[in-house]
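In: Predicted model and sequence follow; I will ask about them next.
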Amino acid sequence: MAIVLQTDFAWPDVEIERTVIEGAGHILVAGTSEALPPDRIEALVVEHDPEAIMTCWAEVSAAAIASPTKLAIVQRIGVGLDNIAVEAATERAAWVANVPDYCVEEVSDHAVAMIMGWLRGVVPLDREVKAGRWNPAAAQLRRAADLTAGILGYGRIGQASARKLTGIGLTVLATDITPPSSSKNARMVDMAELLEQSDVILVHLPLTPDTEHLVNAAFLARMRLGSLLVNVSRGPVVDSAALIEALKEGPLAAAALDVVEGEPDPPAELVARADVIVTPHVAFSSDASLAELRRRSAEEVVRVLAGERPENPCNAPLRSG
């Protein structure tokens, strides 16, 4: 019997996780729905001495990872690992795992919805009508089949977005550090051509030291006049101050953001702009994706506590068996 600490959760309860964890004979200790700061998480780890840590948004620091008497796994209830001290876990022979493919359809759906909302003016026109202005002559709308979307990051989600965008009629370009063996829905290009040719830039990148502020002032200045930037990956991939300037001075016409640097308190100057659409980091979410995420995260923990290798390892523990 092992103690499993779930640091936080972005849903009403932890019953799915509890059913899996306690059904396997372990004990689930749940934190709060709020992602507590690192020192509070470290205190929870000291208090409960878990063999497994599951985290949604809360930061699991090197100190938190060093504290337990025995630690088998740090499980990300999600995809990105930017809130986990992966190297510290590796050094103390603990697995780090995630669920990399639970929300591929949801995130790509959200990205496409944002793009189509911009092309057809759905959000600004809705705002106008609700403000009492009925003026169809002022609409400035675009034909999807005339436009090119450039996808920055062509993994699972990027490829799903390409499939959907080509179905709507857009031409799709993509760039990635490691291009896939097959890219039938997009033409692989370098960054220069992506920026030069794309009416829409869609960001599907993980947050790493190399991608933080990759979309900066120099990047934005190379985008096409009147273009759209869409970010459904991680907020800090885009430099918010540079984005504000690119919207004020050009070349951007608009931005559609599911993630924003500084969330849950993003820059008011950015999110208040009429040419910015913002949703609160929900692209991953649907009833089906959340149930799958929670179940598979808990199952991964149970698997490792039984002495097995995780299905989706994100590190190679130095002394793993």
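Out: That came in fine, so what should we check first?

In: Assign the spatially most central residue of the chain to helix, strand or coil.
Out: Compute the mean C-alpha point of the chain, and by Cα atoms, centre = their mean the closest residue is residue 233, 3.8 Å away. The three-state label given to residue 233 by DSSP: H, G, I helix; E, B strand; the rest coil is coil.

In: you'd agree it is up against residue 205?
Out: Yes: with contact defined as Cβ atoms under 8 Å, residue 233 reaches residue 205; the gap is 4.9 Å. Where you see a C-beta, it was placed from the backbone N, CA and C, and this is true even at glycine.

In: so where's the chain uncertain?
Out: For the chain, the stretches with pLDDT under 70 are 319-321.

In: can you list the domain ranges for it.
Out: Domain assignment of the chain by automatic domain parsing yields the ranges 3-101+286-305, 104-278.

In: roughly how far out does stretch 277-291 sit from the chain middle?
Out: 10 Å (Cα atoms, centre = their mean, to the nearest Å).

In: I misspoke; the intended subject was stretch 278-297.
Out: Centre to centre, stretch against its chain (Cα atoms, centre = their mean), the figure for stretch 278-297 is 11 Å.

In: hmm, who's touching that stretch?
Out: 11, 14, 16-17, 20, 54, 75-79, 99, 102-103, 105-107, 110-111, 114, 232, 256-260, 263-264, 266, 271 (Cβ atoms under 8 Å, 6 or more residues apart in numbering).

In: May I see the buried residues of the longest helix along the chain?
Out: For the chain, the helix reaching the highest residue count under DSSP state H is reported as helix 287-305. Within helix 287-305, the residues that qualify as buried are 289-290, 292-305, counting by 16 or more other Cβ atoms under 10 Å.

In: And the strands in the protein?
Out: Ranges of strands within the chain are 3-8, 27-32, 52-55, 73-76, 95-97, 148-152, 171-175, 187-188, 200-203, 227-231, 252-257, 276-278, based on DSSP state E.

In: Tell me which of these lies nearest to residue 136.
Out: strand 252-257 (19.6 Å; Cβ to Cβ).

In: Output that closest one as CSV - backbone C-alpha positions only.
Out: Taking Å, rounded to 0.1, in the frame of the first residue of the first chain, the C-alpha atoms of strand 252-257 are listed here in CSV:
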residue,chain,number,x,y,z
LEU,A,252,-0.6,41.6,-36.9
ALA,A,253,-4.3,42.1,-37.4
ALA,A,254,-5.4,39.9,-34.5
ALA,A,255,-4.4,37.3,-32.0
ALA,A,256,-6.4,34.3,-30.7
LEU,A,257,-5.0,32.9,-27.4
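
In: to the chain's geometric centre, what's the distance from that strand?
Out: 18 Å.

In: Mind giving me the packing neighbours of it?
Out: Of the remaining helices and strands, those touching strand 252-257 by 3 or more Cβ pairs under 8 Å, 6 or more residues apart in numbering; DSSP states H and E are helix 104-119, strand 227-231, helix 240-249, strand 276-278.
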